[in-house]
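*Asks:* Show me the folded form of this:
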Amino acid sequence: MKELKSINVATLGEAPTSRRRISYPLLERYCIAPVSRWKQRLPRIIVEGLTDVFAYPIYVYGIENLDTTQKLTMEGKKIVMFSNHLSWADPPVTMAALKRNGFAEMAEMITTIAGVKLHTDPVRNFLGAPYDVIPIWSPFTEPKNQEEKEIRLQMHKKALRKAEETLKIGRHLLAYPEATRSRTQKLTIGQPGITHYLTLVENTFVLPIGIYGTEKILPVGAWLPDGNKASVTFGEPIEVASVEKMFEHIKNREERRRLIVDYFMYRIANCLPKNSQGVYERVYEHAA
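*Replies:* Prediction:
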């Protein structure tokens, strides 16, 4: 497999000359909708409107990789997006980055894999309401009793079934391998369990995403957003089968899964400023 190209993010926060900017006035975007549809669209109107106000500007890098991803989709390939996780504002900012740069259709085809807190925390529930979401049990939450163990098992099975169906019909998955928001604004260890979603369908590619600045828009513990610029970098799509082949000689399944998820975490790190790469800052020995 060829070595992935590095993406220069040294100028995060500065407006690159090559990025596209498309304006979406609220009246033009929403008020043309029939009144009968307002009830269904209201959560999205509010969330996207708040994103327009509080996440501005959004600098987008790696547009050429989105073009490649779009071509792969047209060829019947399946796309799983892996992103770092800083804030509950990450999904709407990612969607806005796509829509503002001519990839609105891609944004509409995303299903997000999110922890069960999405349905129990009022802020996260509100932010997730406009989007298609697959709830999962957090790997950091231990079941308190046998009943919760059964709930976790059934939720895991249901999530895998839904994810498989989602990919088969041509939608994309957006997942956060860290499985929680980083409290240090640096990449933390990726969870091997996320690899289950990579082998559900053949011809799957991973699109790495590095997001930066959202930790100031909606910090951990905050209920109200604050205005701040954000940056989203899209890496080069990676064929899952090629990565699996790299580690097929590893007999221990858990070790193999750990190496695979680390490989993709390094690709996310390559989409982030050096001071945000955390435990994945060092050079990856399997990059070539």
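*Asks:* So, low pLDDT: which residues of the stretch 1-150 of the chain?
*Replies:* Low-confidence segments of the stretch 1-150 of the chain (pLDDT under 70): 1-40, 116-129.
*Asks:* for it, what spans make up the strands?
*Replies:* Taking DSSP state E, counting those that start in this stretch as the test, the strands found in the stretch 1-150 of the chain are 55-61, 78-83, 110-115, 132-136.
*Asks:* Tell me which of those strands is the most buried.
*Replies:* Highest mean neighbour count among those (mean count of other CB atoms under 10 Å): strand 78-83, with a mean of 24. Where C-beta positions appear, they are placed from N, C-alpha and C, glycine not excepted.
*Asks:* angle of it against strand 110-115?
*Replies:* If you take axes from the mean of the first three to the mean of the last three CA atoms, to 10 degrees, strand 78-83 sits at 50 degrees to strand 110-115.
*Asks:* Just the C-alpha atoms of strand 78-83, please, in PDB.
*Replies:* C-alpha atoms of strand 78-83 as PDB (Å, rounded to 0.1, in the frame of the first residue of the first chain):
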ATOM      1  CA  LYS A  78     -18.400   2.000   1.400                       C
ATOM      2  CA  ILE A  79     -17.200   4.900   3.600                       C
ATOM      3  CA  VAL A  80     -16.500   4.900   7.400                       C
ATOM      4  CA  MET A  81     -15.300   8.300   8.700                       C
ATOM      5  CA  PHE A  82     -13.000   8.200  11.700                       C
ATOM      6  CA  SER A  83     -12.600  11.500  13.600                       C
END
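*Asks:* Name every strand pairing with that strand and say which way it goes.
*Replies:* strand 172-175 (parallel), strand 204-212 (parallel) (DSSP bridges).
*Asks:* hmm, back to that, just send the strands of the stretch 1-150 of the chain back as CSV, with distance to residue 262 too.
*Replies:* CSV is the format used below for those (distance: least, CB to CB, whole Å):
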stretch, distance to residue 262
strand 55-61, 23
strand 78-83, 12
strand 110-115, 19
strand 132-136, 20
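*Asks:* Kind regards, and thank you for your time.
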